[in-house]
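J.: sharing a model that was predicted from the sequence below.
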Amino acid sequence: MRVAFQAAHEDKFSSMAKQMGRWVDQVLGPGFRSYSLDEGWTPAINVCESDSHYCIIADLAGMNAEEMNLRTQGGKLTISGHRPVAGISEQCRKMQMGHMEIDHGPFCRTIELPRDADADRIDATYRSGYLWIMIPKKT
């Protein structure tokens, strides 16, 4: 039997808020609303399952592994951190932002773990902009 991961309610609200923001951009034009660092953002994830493991892949391009936090508590896995603004070079600092789609600032994603996940043996690796989280199943 396949066990689906369920994101916490705040992830659903954040996703809905992002969709509404994109709709506002389409109707009123990009730049109508401004990005707020206080809002934060939610990284996209993929979830895979094998006979022995679950794998969560989080899209966290532009970061260093030291900028990410990973914790488990109460049957939930939380990924959090702070991503810097993408592509800010000295030359870009002199320019006015015309369009921004790459999220930056604080982020948090909470995922409810299946009952058979062994939270004590989670292993995470960051490579090529993706955080790979391997969660063994209890034996």
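T.: Sure, I can see it. Numbering: from 1, shown residues only.
J.: quick one: contacts of stretch 113-120?
T.: With C-beta atoms under 8 Å, 6 or more residues apart in numbering as the test, stretch 113-120 has contacts from V3, F5, Y54, T72, G75, K76, L77, I135, P136, K137, K138. (C-beta placed from N, C-alpha, C; glycine too.)
J.: tally of neighbours for the third one?
T.: Just to be clear, that refers to Y54. Neighbour count of Y54, defined by other C-beta atoms under 10 Å: 23.
J.: quick one, grab the pLDDT at P84.
T.: On the pLDDT scale, P84 is placed at 86.
J.: which parts of the chain are strands?
T.: Remark: strands assigned in the chain by DSSP state E are 6-7, 45-49, 53-59, 68-73, 76-83, 105-112, 123-127, 130-136.
J.: tell me which strands the third one pairs with, and in which orientation.
T.: Looking at strand 53-59 with DSSP bridges, its paired strands and their directions are strand 45-49 (antiparallel), strand 130-136 (antiparallel).
J.: reformat the contacts of stretch 113-120 as JSON lines; add distance to A65 and pLDDT.
T.: Shown next, in JSON lines, are the contacts of stretch 113-120 (distance: C-beta to C-beta, whole Å; pLDDT from 0 to 100):
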{"residue": "V3", "distance to A65": "28", "pLDDT": "41"}
{"residue": "F5", "distance to A65": "22", "pLDDT": "48"}
{"residue": "Y54", "distance to A65": "20", "pLDDT": "97"}
{"residue": "T72", "distance to A65": "18", "pLDDT": "96"}
{"residue": "G75", "distance to A65": "25", "pLDDT": "94"}
{"residue": "K76", "distance to A65": "21", "pLDDT": "96"}
{"residue": "L77", "distance to A65": "16", "pLDDT": "97"}
{"residue": "I135", "distance to A65": "18", "pLDDT": "97"}
{"residue": "P136", "distance to A65": "21", "pLDDT": "98"}
{"residue": "K137", "distance to A65": "25", "pLDDT": "97"}
{"residue": "K138", "distance to A65": "27", "pLDDT": "95"}
